[in-house]
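Chemist: show me the folded form of this:
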Amino acid sequence: CATIAERTELEHINVGQVVRDEQCHEGRNEEFDTLTLDEDRLLDVLEEQLSEGGKLVDFHSCDLFPERWFDLVLVLRTDNTVLFDRLQSRGYRQNKITENVQCEIMEIVAQEAAESYANEIVHQVPSNSIEDMNANVARVEQW
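Modeler: Numbering: from 1, shown residues only. All right, here's what the predicted structure looks like:
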């Protein structure tokens, strides 16, 4: 996302960082080693940041965000083996890796996007390799 933001002059909004910086959480979920999201607070904070447009919003889920915020929704798809190895190399706990891989198998984010936004703005793109990522950057530049 940082590369897309640089090449398109969009401002990159890393939602996970916003959650941490703006205290948009209700504490830590020790089982999954993550923060428990305070959706209402997050939406209030992002509403202000996104009001002028020109932003690239980076998050692992999408159904909580209003459709009016987006002109384009990209769902990054990853082969399960690649995803497993990627998360393991980041030091994720096994239960968190398993949950993420199961979500990819069951196409949870793809389904959320399809149910939450107009079909013409939702695009699924591969994210298995550097080549895929470069192709995705080029594709976004064209939009």
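Chemist: from here on, just use CA atoms for contacts and neighbour counts.
Modeler: Noted.
Chemist: for residue 127, grab phi and psi.
Modeler: Backbone geometry at residue 127, expressed as degrees, to the nearest 10, gives phi -140, psi 50.
Chemist: could you measure from it over to residue 67?
Modeler: 24 Å (Cα to Cα, to the nearest Å).
Chemist: the two: who's more crowded?
Modeler: Shown here are residue 127 and residue 67; by other Cα atoms under 10 Å, residue 127 has more neighbours (19 against 16).
Chemist: wouldn't that one be in contact with residue 75 here?
Modeler: No - the criterion here is Cα atoms under 8 Å, and residue 127 misses it with residue 75 at 9.3 Å.
Chemist: which residues in the chain form strands?
Modeler: Secondary structure of the chain, counting by DSSP state E: strands at 11-14, 25-29, 34-37, 55-58, 73-77, 122-126.
Chemist: shouldn't residue 83 be in contact with residue 103?
Modeler: No - with contacts counted by Cα under 8 Å, residue 83 stays clear of residue 103, the gap being 10.9 Å.
Chemist: surely residue 71 touches residue 123?
Modeler: No - counting by Cα under 8 Å, residue 123 is not a contact partner of residue 71; they are 11.3 Å apart.
Chemist: the helices in the chain, which residues?
Modeler: Along the chain, counting by DSSP state H, helices occupy 2-8, 15-21, 39-50, 80-89, 94-105, 108-116, 130-142.
Chemist: how about those helices in a markdown table, adding distance to residue 30?
Modeler: A markdown table is the format used below for the helices of the chain (distance: least, Cα to Cα, whole Å):
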| stretch | distance to residue 30 |
| --- | --- |
| helix 2-8 | 29 |
| helix 15-21 | 16 |
| helix 39-50 | 19 |
| helix 80-89 | 17 |
| helix 94-105 | 11 |
| helix 108-116 | 23 |
| helix 130-142 | 32 |
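Chemist: indicate which one of those helices is closest to residue 33.
Modeler: The closest of these to residue 33 is helix 94-105. By Cα to Cα, the value is 8.0 Å.
Chemist: check contacts around residue 78.
Modeler: Contacts for residue 78 (Cα atoms under 8 Å, 6 or more residues apart in numbering) come out as 104, 126, 127, 128.
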